[in-house]
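Peer 1: I need the structure of the sequence given here:
(one chain, ligands or ions: 2)
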Amino acid sequence: MQNNPDTTLVTQTAPITAETHGGRAKCLQRLVRLDLPVPATVALSFDAVHNIASGQLPDIAAILSEFPANALVCVRPSSQDPDWGGPGAVLNIGMNHDRHRELCETLGTQAASKIFLRFVQGYAVHVARLDPDMFDAIDGEGIEALDATLSAYEQETEEPFPEDIGTQLAGVLKSMARAWEGTSARLLRMAKGAPADAGLGLVVQQMALGVGRGECGSGVLQLVNSETGLEQITGRYLRQSQGRDALSPQAESIFITCDPRGASFEELLPECFAQLKSHAALMRARLREEMHVEFTIDNGRLHILDGVRVTRSSRATVRIAVQLARDGIITREEALMRVEPRALNELLHRQIATDAPRDVLGHGIAASPGAATGRLVFSATEAQASAARSEPCILVRRETSPEDIRGMHAAKGVLTERGGITSHAAVIGRGIGLPCVVGISDMRFQIENKTIQASDGRTLREGDVVTIDGTSGQVLMGAPDMHEAALDDAFQELMDWANEASDIGIRANADTPADAQTARNFNAQGIGLCRTEHMFFEPGRLTVMREMIFADSSKDRRASLERLLPMQRDDFTQLFRIMQGQPVCIRLFDPPLHEFLPTSRSGQRELAEALDLPLSTVMRRVDSLMEYNPMLGMRGVRLGVTVPEIYEMQARAIFEATIDASVDGDPVVPEIMIPLVSAKREVELVRGRVDAIATAVRNERGAEFDYRLGVMVETPRAALRAAEIAPYCSFMSFGTNDLTQMTYGLSRDDAGRFMSTYVKQGVFPEDPFHTLDVDGVGELIAIGAGRGRSVSPDLVLSICGEHGGNPESIAFVRQAGFDYVSCSPFRVPVARLAAAQLAI
Ligand code: PEP
Ligand code: MG
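Peer 2: Ligands and ions are numbered 1, 2, ... in the order given. You can find the predicted model right below:
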């Protein structure tokens with residue numbers, strides 16, 4: 001045996017690794033090294049198992065010589081990563097009529113027959129590949145049932161049941177090796193991330209029977225709760241049982257610690273319980289992981305059969321990693337590496353309980369994570385009315401526009417027929433932490449009739465209770481059970497460690513004081529993008545904004561803007577105060593003006609009344625502002641150049657707020673960002689005007705302040721011409737939403753309609769609005785960053801599109817030497833953890 005490296009007795013010294021023999025074999029060796037009572041075990045390497053599958057058996061007699069004569073053995077799979085699965089275990093190999101007779105003497109007929117019966121059934125199904133249903137008619141576990149099973153076996157296979165242990169073991173090894181190499185098993189494990197040629201090891205272990213005279217049974221134990229990760233000894237034990245029988249839902253198993261139905265395991269077997277607890281604690285300390293221990297009690301003696309990582313929710317993953325680091329068992333860096341950044345989403349938002357049944361009505365794009373339940377409403381006004389009655393609602397729209405923002409604030413979740421990951425509803429939803437599903441592909445919306453037709457033909461009406469899952473994109477009937485968000489001390493501590501470890505800044509995109517507060521709560525290192533236009537949708541302001549749009553002359557426009565100025569100044573003062581001296585990057589007005597005008601006839605009538613104008617004038621004006629392609633039209637810096645009063649008012653508001661907030665707080669150095677530039681002259685013009693306003697405010701107020709001016713790189717031309725734009729800027733922030741839209745020539749608002757077909761057919765590997773296209777858009781980013789820094793080495797570089805919060809994009813821009821990323825406040829923790837992992 002020792003000469004054959006493929007089949008190794010698991011001893012303290014044998015060389016066993018997860019890469020050669022699989023995770024289970026490796027773990028068992030570690031348990032042996034800890035002197036735990038593990039039954040004798042032989043590990044077969046990946047190579048050995050591969051050879052078995054090709055018909056080349058190892059020396060079976062040599063394997064069996066490692067076990068006492070007449071011992072029964074079991075075979076279990078040992079894949080490199082336990083999550084990749086493997087063929088089912090076969091127990092009680094070695095049972096035959098002779099052994100049965102002996103065991104009848106020592107254990108009693110009932111126990112001996114039960115063991116033999118189990119083996120025959122396991123062998124029949126796994127090795128002889130008989131249909132498991134054929135044993136359904138056989139009742140009980142006694143000698144009659146055994147005889148019936150054996151004769152059913154012989155009838156079906158036309159062969160006697162093999163009596164020789166060598167033949168039995170060879171059969172089991174062959175069938176398990178071949179099962180692993182089968183096509184369906186390969187596809188299944190590849191779906192779980194295994195490489196196509198992943199190997200399987202097998203573990204042959206002496207049976208601790210768990211059935212017989214005295215106290216016998218089997219069970220599992222762990223030291224933490226799988227859902228919360230909190231310390232709690234849990235487990236199950238089933239008397240006269242083997243394997244994982246105790247976990248079968250039908251089993252009348254005994255709960256470990258506090259069985260509500262009677263004596264618990266620790267009362268029944270106090271010594272074994274104490275030993276188990278100390279073995280589990282030793283495993284935790286030495287294997288540096290929370291372990292789920294499988295054990296057997298054989299005539300009152302404890303055997304440890306296996307240990308696997310405790311299965312855990314995302315919340316428990318964080319708690320366990322942090323607790324192991326707190327206890328000095330792992331380092332903080334290791335704790336950070338053990339949590340998948342995206343898993344934090346499940347802690348940050350309410351989620352549908354993992355085991356809750358899901359009555360799915362349809363699917364869309366998961367645009368803002370978290371789940372929400374409420375009654376369907378079809379307009380923003382109804383959403384507000386519903387909130388006023390304290391009735392949770394889900395706002396349904398074909399797509400949302402700025403007019404819906406108040407309704408979105410009032411709703412628990414938003415569902416839109418159209419749109420993609422960067423559509424209005426999605427961006428606002430993520431910004432305010434509101435669950436959102438957009439771009440529904442398989443439901444029919446009739447907003448006017450206030451109905452939705454589900455994919456299976458069911459009709460939903462106003463008032464029906466539905467749940468949207470913004471994490472999976474599902475729309476569900478009714479109100480499934482939920483898990484609440486879990487921002488506990490373990491989460492906070494992990495975030496602190498991530499902060500210390502990361503070497504790229506994480507800022508938040510925040511438009512309102514509430515967003516800024518969320519950003520601070522998540523310890524964002526400033527605001528990387530404040531989309532100022534969102535400030536104009538508040539009820540009192542929208543009308544003034546509309547007045548400004550309707551102004552006929554620069555003078556009238558200035559008059560309306562004068563009224564908006566104090567409101568903007570207040571907004572900025574609040575933001576500066578909340579951010580307490582941290583950088584705040586304010587983007588000047590970006591969207592096309594017509595987004596502020598009502599589209600419906602009734603809205604236009606209301607506006608005509610408010611402005612005291614004839615309806616026809618309002619309609620004409622709305623019409624005249626319409627553009628064929630507004631996202632490529634009069635927006636961003638183009639407005640700044642042609643209607644300069646808006647930017648001038650904003651610059652003044654920013655500077656006045658800077659002075660106000662610096663009086664009683666930390667000094668503020670505002671950052672002013674110009675959107676959608678494509679030519680250096682645009683920046684030169686706007687810069688000249690902003691500088692002039694700064695000088696005017698300094699003189700008027702007799703106060704000094706600094707500020708920084710920069711641009712958003714959102715057009716391919718801005719990236720290509722970065723070297724001539726950079727001298728006018730202190731920073732460049734890549735707006736990858738628009739940059740993706742313009743690089744692909746793909747509308748960010750309409751792409752949702754065909755995106756899933758494109759991804760399914762492999763045209764795009766993923767939705768480029770969701771996952772940064774590093775090949776195309778990424779090349780433009782690299783060009784822009786390189787050319788900008790070539791003339792201004794101190795140019796601050798950042799990314800503030802929706803990609804800013806994605807671990808893959810963070811890796812890309814960090815590599816390109818960026819200073820920070822900026823993302824929705826609720827994604828700050830995910831981004832921070834991803835950044836920390838990259839730096840470790
Ligand atoms: C962008 O285009 O990436 C961006 C951040 O701006 P917005 O999404 O507001 O167009
Ligand atoms: Mg943009």
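
Peer 1: so Asp464 makes contact with Leu376?
Peer 2: Yes: the pair Asp464 / Leu376 is scored as a contact, 5.2 Å apart, by Cβ atoms under 8 Å. The way it works is simple: take the backbone N, C-alpha and C, and place the C-beta from them, glycine included.

Peer 1: ok, the nearest residue to Gly214 once chain neighbours are set aside - how many residues close by?
Peer 2: Spatially, and ignoring its direct neighbours in sequence, Gly214 is nearest to Asn299 (3.7 Å; Cβ to Cβ, 6 or more residues apart in numbering). Residues near Asn299, counting by other Cβ atoms under 10 Å, number 14.

Peer 1: quick one, phi psi at Asn299?
Peer 2: phi 50, psi 50 (degrees, to the nearest 10).

Peer 1: contact partners for it?
Peer 2: Going by Cβ atoms under 8 Å, 6 or more residues apart in numbering, Asn299 touches Gly212, Arg213, Gly214, Glu215, Cys216.

Peer 1: per-residue pLDDT, the residue lying closest to the fourth one once chain neighbours are set aside?
Peer 2: Using Cβ to Cβ, 6+ apart and skipping the chain neighbours, the partner closest in space to Glu215 is Gly300 (4.8 Å). You'll see Gly300 listed with a pLDDT of 91.

Peer 1: how close does Gly300 sit to Val637?
Peer 2: Look at Gly300 and Val637: by Cβ to Cβ, to the nearest Å, they are 82 Å apart.

Peer 1: neighbour count winner among these two?
Peer 2: Legend: neighbour count by other Cβ under 10 Å for Gly300 and Val637, higher for Val637 (26 against 12).

Peer 1: wait, that one touches Val686, no?
Peer 2: Yes: counting by Cβ under 8 Å, Val637 does reach Val686; the two are 6.3 Å apart.

Peer 1: what's the overlap in contacts for these two?
Peer 2: Listed as contacting both Val637 and Val686 by Cβ under 8 Å, 6+ apart are Leu588, Ile674.

Peer 1: do you know how far the residue nearest to Glu215 is from Ala343?
Peer 2: 42 Å.

Peer 1: and for Leu146?
Peer 2: 48 Å.

Peer 1: these two - which one has more neighbours?
Peer 2: Leu146 (25 against 16).

Peer 1: what residues does the stretch 1-150 of the chain put near ligand 1?
Peer 2: Residues of the stretch 1-150 of the chain lying near ligand 1 by Cβ under 6 Å from any ligand atom: none.

Peer 1: in the stretch 1-150 of the chain, what residue comes closest to ligand 1?
Peer 2: Asp83 (35.9 Å; Cβ to the nearest ligand atom).

Peer 1: count of neighbours near that residue?
Peer 2: For Asp83, using other Cβ under 10 Å, the count is 13.

Peer 1: isn't it up against Leu188?
Peer 2: No: using Cβ under 8 Å, Asp83 is not in contact with Leu188, being 11.3 Å away.

Peer 1: quick check, pLDDT for whatever residue of the stretch 301-450 of the chain ends up closest to ligand 2.
Peer 2: Proximity of the stretch 301-450 of the chain to ligand 2 (Cβ to the ion) peaks at Thr422, 8.8 Å away. pLDDT, Thr422: 81.

Peer 1: residue contacts, Cys27?
Peer 2: Leu287, Asp306, Gly307, Val308.

Peer 1: ok, now Ala246?
Peer 2: Neighbours of Ala246 in contact, by Cβ under 8 Å, 6+ apart: Gly217, Ser218, Gly219, Val220, Arg236, Tyr237, Leu238, Ser253.

Peer 1: what do you get for Glu334?
Peer 2: Arg288, Ala321, Leu324, Ala325.

Peer 1: what do you get if the cut-off is 6 Å, keeping everything else the same?
Peer 2: Listed by Cβ atoms under 6 Å, 6 or more residues apart in numbering, the contact set of Glu334 is empty.
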